[in-house]
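**Q** What shape does this take:
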Amino acid sequence: MNNYRPYSGITPAVKVLILLNVVMYFLTVFIEQRTDIRLSNILGLHLPQSEFWAPYQYITHLFMHGNFGHLFFNMFALFMFGRILESVWGTRRFVFYYFVTGLGAAALNSFAGWWEYHKMYEQFLAFQNTPQPELLAEFIRAHISHPASWVWELIDNWTSQPDSIQYIRAGEELFQRVITETVNIPTIGASGAIFGILLAFGMLFPNTELYLMFLPIPVKAKYFVVGYGVIEFFLGIQNSVGDNVAHFAHLGGMLFGFFLIRYWNKNRKKFY
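**A** Numbers count the residues shown, from 1 in each chain. This is a model prediction of the structure:
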């Protein structure tokens with residue numbers, strides 16, 4: 001193990017990761033405000049079904065963030081917990097763990113996205129067999145939080161003329177448009193790797209008491225991690241309309257982190 005001092009200053013890998021994330025955030029803001037280049041779309045992670053998908057996005061999406069709050073909380077957690085893990089494990093193992101959990105988060109999130117796409121496409125096929133304005137309305141409510149007024153006008157007009165070929169075709173086009181736009185939404189952020197770090201901290205220091213802003217009493221790390229994981233699972237299953245948080249990416253980071261730590265710990269009393 002390298003001669004790092006736990007709880008001391010920032011560690012080398014954490015410093016570089018924070019610097020890269022901060023630079024990429026402000027570079028993205030600068031470029032997107034002044035040009036037509038959408039770095040978040042180019043470097044964010046898309047599903048393979050998307051026209052914007054590229055293999056390098058599994059890495060680059062880890063350094064992209066949607067807003068300053070997203071960046072701040074991820075980097076704050078990386079600083080608070082990541083430097084402790086790097087001090088215990090050493091830089092090489094910490095960096096390996098960081099990217100394994102980040103890639104694991106991307107993998108589980110992509111699987112969840114594929115499953116959602118599969119269900120949407122099945123609904124579209126069912127709609128093609130029996131095109132009805134009620135089916136279109138149900139689909140819109142399930143996948144769009146604030147539909148434009150013209151969408152409801154289309155559905156109302158079609159309801160008054162249920163056999164209109166024009167409205168049937170317009171309904172199919174709208175169905176396909178929603179599916180395409182959903183598939184083309186990129187996933188960005190280091191949150192998957194950050195949740196892997198939280199999981200690791202909870203496993204290494206399960207009885208460490210954490211003080212949370214929204215609770216008046218300290219919470220042991222093991223309970224915090226388990227509780228957070230349970231919340232993310234139910235939010236992911238619920239899949240509320242308008243929820244743009246990649247809950248399954250968070251779970252993927254924790255899941256891959258758990259199995260990697262168990263593997264490291266398989267034949268040792270301590271895994272560091």
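**Q** Give me the contacts around stretch 103-122.
**A** The contact list for stretch 103-122, computed with C-beta atoms under 8 Å, 6 or more residues apart in numbering, reads 45, 47-49, 58-59, 61, 139, 143, 178-179, 182-183, 187, 191-193, 195-196, 236, 239, 246, 248-253, 255-257. C-betas here are computed from N, CA, C, even on glycine.
**Q** From these, list just the buried residues.
**A** 45, 47, 49, 58, 61, 139, 143, 178-179, 182-183, 187, 191-193, 195-196, 236, 246, 248-253, 255-257 (16 or more other C-beta atoms under 10 Å).
**Q** Okay, and which of the residues you listed map to strands?
**A** Secondary structure defined by DSSP state E assigns none of the buried ones among the contacts of stretch 103-122 to strands.
**Q** Identify those among those that sit within helices.
**A** Counting by DSSP state H, these place 58, 139, 143, 178-179, 182-183, 191-193, 195-196, 236, 248-253, 255-257 in helices.
**Q** Restrict stretch 227-235 to CA atoms and write it as CSV.
**A** Extracted in CSV, the C-alpha atoms of stretch 227-235 (Å, rounded to 0.1, in the frame of the first residue of the first chain):
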residue,chain,number,x,y,z
GLY,A,227,-31.0,3.0,2.4
TYR,A,228,-29.7,5.0,-0.5
GLY,A,229,-29.5,1.9,-2.7
VAL,A,230,-33.1,0.9,-1.7
ILE,A,231,-34.4,4.3,-2.6
GLU,A,232,-32.6,4.3,-6.0
PHE,A,233,-34.1,0.9,-6.7
PHE,A,234,-37.7,1.9,-6.1
LEU,A,235,-37.3,5.2,-8.0
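**Q** So which bits of it are buried?
**A** Quick answer for stretch 227-235 (16+ other C-beta under 10 Å): 228-229, 232, 235.
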